[in-house]
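S.K.: output the structure for:
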Amino acid sequence: MNKTQLVDQISSDTAMGKPEVEKVIKAFINTVQQSVKKGEKVSLPGFGGWSQTQRKARTARNPRTGAAVKVPAGKGVKFTTGATFKDIVAAKRGTAAAKTAAKAPAKKAAPARATKAPAKAAPVKAAKAPAKAAPAKKAAPAKAPAKKATAKATKR
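M.R.: Got it, this is the predicted structure:
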């Protein structure tokens, strides 16, 4: 979703017009940027937070030449996702149900008793259903041989 689509969605969800929504979004972004620039932390509970990070000076390597390059110290921005946001995203992937199931107390299995069962009521074991056969994987098609370049194409 880009900024225009975001403005359209918010204006349709609220009673605000598109110009007002766009002004609010611009003001929000500007406020967050200026606050983080000053070194303040900005947090929206349930959504996330922005903070400034410090990077130390270091020596790096130019990947093309292998020469050592000095990288000066700098500042960066870090966004930390809120717990509610993470849960919403996880639910779309199907893992939130697993998280809530893991948090629920597990039922304890009943202890096995050593008493004799009546002879008439012998336990009947259910026959397992036959496993479904997995569909056979198709073999990847063979690659066509690469065309050879002509002598004119290689000389320049």
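S.K.: excluding chain neighbours, give the residue nearest to residue 3 in space.
M.R.: What sits nearest to residue 3 in space, not counting adjacent residues and going by CB to CB, 6 or more residues apart in numbering, is residue 25, at 7.1 Å. Every residue, glycine included, has its C-beta placed from N, CA and C.
S.K.: tell me which strands and helices the longest helix seen in the chain is in contact with?
M.R.: Ranked by number of residues, the top helix in the chain under DSSP state H is helix 18-37. Under the contact criterion of 3 or more CB pairs under 8 Å, 6 or more residues apart in numbering; DSSP states H and E, helix 18-37 touches helix 3-13, strand 42-44, strand 48-55.
S.K.: turn these into JSON lines, including mean neighbour count.
M.R.: Supplementary listing: these in JSON lines, determined by neighbours: other CB atoms under 10 Å:
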{"stretch": "helix 3-13", "mean neighbour count": "13"}
{"stretch": "strand 42-44", "mean neighbour count": "14"}
{"stretch": "strand 48-55", "mean neighbour count": "14"}
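S.K.: and the angle from the longest helix of the chain to helix 3-13?
M.R.: 120 degrees (axes from the mean of the first three to the mean of the last three CA atoms, to 10 degrees).
S.K.: and helix 18-37, what's its mean pLDDT?
M.R.: Across helix 18-37, the average pLDDT comes to 96.
S.K.: hey, what's residue 59 bridged with?
M.R.: Beta-bridge partners for residue 59, by DSSP bridges, are residue 70.
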